[in-house]
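Visitor: sequence and computational prediction follow.
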Amino acid sequence: MNNDTSFLPQRGNYKNLIAYQKSVCIYDITFFFAHKYLERGDRTIDQMIQAARSCKQNIIEGSAASTTSKETELKLINVARASLQELLADYEDYLRVRNMEQWSVEKPKAIQARNVCSKHNDSKFYRQAIEVRSAETTANIAITLIHQTDVFLRKLINRLKKDFIEQGGIKEEMYKARMEWRKRNR
């Protein structure tokens, strides 16, 4: 160790995480969807927007906490997943109670949506695309993105668990740095 503070490697570059990029897209779609397709005064507007925001914000907060607390990072990334599941249920409810189709995975529309969503992580792309789409199509695009983001969040959680098992946490890093400093300064 050349640097006495190397036990605190700077982490938290959440903007490079695909899960974060997709969560921004989900938030933007949800904001548009809730204000366009839900009736003014419907509590679901706030609920959906807050669930989408919670996913995005918990990824940010978890990444920021990662420097000193892998436990907090894991918990917050899992809260992001839970928020997505809440939002997913809202979109599914919207389609069901209005007798609209939720695309099954083998439908050509669903396959096309998965392919497009897997290639685009820029919220501007979706903001432009949904302007001319129906409520049903927009909800299904959001559902597709939610499923894809959930996959990335699960992979992130699994990687964080593996990293913790292999590298330990901040206390172990601090102890190791202290012991190495003592060895060098005897």
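Guide: Now that the structure is in, tell me what you want to look at.
Visitor: low pLDDT regions in this structure?
Guide: 1-12, 168-172, 174 (pLDDT under 70).
Visitor: next one: Arg133 from Ile29, what distance?
Guide: 10 Å (Cβ to Cβ, to the nearest Å). Just so you know, the C-beta spots here come from the backbone N, C-alpha and C atoms, and that holds for glycine as well.
Visitor: sorry, wrong one. I was asking about Cys117.
Guide: For Cys117 relative to Ile29 (Cβ to Cβ), the value is 11 Å.
Visitor: spell out which residues are contacts of both of these two.
Guide: Shared contacts of Cys117 and Ile29, defined by Cβ atoms under 8 Å, 6 or more residues apart in numbering, comprise 141, 145.
Visitor: and Ile45, how many neighbours?
Guide: Ile45 has 18 neighbours, counted by other Cβ atoms under 10 Å.
Visitor: that one: what's it in contact with?
Guide: Applying Cβ under 8 Å, 6+ apart, the residues near Ile45 are 34-35, 38.
Visitor: shared neighbours of Arg133 and Ile29, which are they?
Guide: Residues touching both Arg133 and Ile29 (Cβ under 8 Å, 6+ apart) are Ile141.
Visitor: which one's more surrounded, these two?
Guide: More crowded of Arg133 and Ile29, by other Cβ under 10 Å: Ile29, with 24 against 15.
Visitor: that one: what secondary structure?
Guide: helix (DSSP: H, G, I helix; E, B strand; the rest coil).
Visitor: so Tyr20 touches Ile60, yeah?
Guide: Yes: look at Tyr20 against Ile60 with Cβ atoms under 8 Å: they come within range, at 7.2 Å.
Visitor: overlap in contacts of these two?
Guide: Tyr14.
Visitor: looking at the two now, which is surrounded by more residues?
Guide: Applying other Cβ under 10 Å to Tyr20 and Ile60 shows that Tyr20 carries more neighbours, namely 23 against 17.
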